[in-house]
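Asks: Below are the sequence and a predicted model; questions follow.
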Amino acid sequence: MASVIRGSDNFDSSATGPSTTFADVGTYAFASIIDQGATTAGTTRSGTNGDPSNGYGSEAGTYGMAGTWRCMGYSGSTSGGSGSTLWLRIS
């Protein structure tokens with residue numbers, strides 16, 4: 001069924017949902033935070049050594065995701081780095 005918006009509904013189209021722009025505050029990324037060892041849920045890390053899990057960063061030898069990120073899962077330590085998990089940008 002289609003929604004009906006009446007003049008009195010006070011609808012604000014600028015607030016229709018969260019940002020979907022990559023790496024905006026409040027967005028998620030499946031990534032690794034390189035060279036910071038094991039990480040458990042709730043831990044925060046700088047995204048300086050972040051590597052989105054598409055592999056392009058590590059293949060090119062470049063890393064970086066702006067801001068501070070909160071781990072939303074578990075990332076086990078692997079030879080000098082961390083495995084991929086879900087991260088939430090908090091600032």
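Replies: Nice, thanks for sending it over.
Asks: and Val4, what pLDDT?
Replies: Looking at Val4, its pLDDT is 59.
Asks: wait, I meant Pro18
Replies: For Pro18, the model assigns a pLDDT of 74.
Asks: Report the contact partners of the closest residue to it other than its chain neighbours.
Replies: Leaving aside its chain neighbours, Pro18 sits nearest to Gly26 (5.4 Å; criterion: CB to CB, 6 or more residues apart in numbering). (Each C-beta comes from the backbone N, C-alpha and C, glycine too.) Counting by CB atoms under 8 Å, 6 or more residues apart in numbering, Gly26 touches 18-19, 88-89.
Asks: Nearest to Thr43 among those residues?
Replies: Lowest distance from Thr43 to the contacts of Gly26 (CB to CB) belongs to Leu88, with 11.3 Å.
Asks: Give me the buried positions along the helix or strand harbouring that closest one.
Replies: Leu88 is part of strand 85-89 when elements are defined by DSSP states H and E. By 16 or more other CB atoms under 10 Å, the buried positions in strand 85-89 come out as 85-87, 89.
Asks: Include distance to Trp69 and pLDDT when you put those residues into CSV, please.
Replies: Formatted as CSV, those follow (distance: CB to CB, whole Å; pLDDT from 0 to 100):
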residue, distance to Trp69, pLDDT
Thr85, 10, 86
Leu86, 10, 90
Trp87, 4, 90
Arg89, 5, 93
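Asks: Between the contacts of Gly26, which sits nearest Pro52?
Replies: Arg89 (11.9 Å).
Asks: thought that closest one was touching Pro52?
Replies: No: using CB atoms under 8 Å, Arg89 is not in contact with Pro52; the gap is 11.9 Å.
Asks: Now list whatever residues contact both of those two.
Replies: With CB under 8 Å, 6+ apart, Arg89 and Pro52 have common neighbours 29, 65.
Asks: can you map out the helices along the chain?
Replies: With DSSP state H as the criterion, the chain has helices at 56-60.
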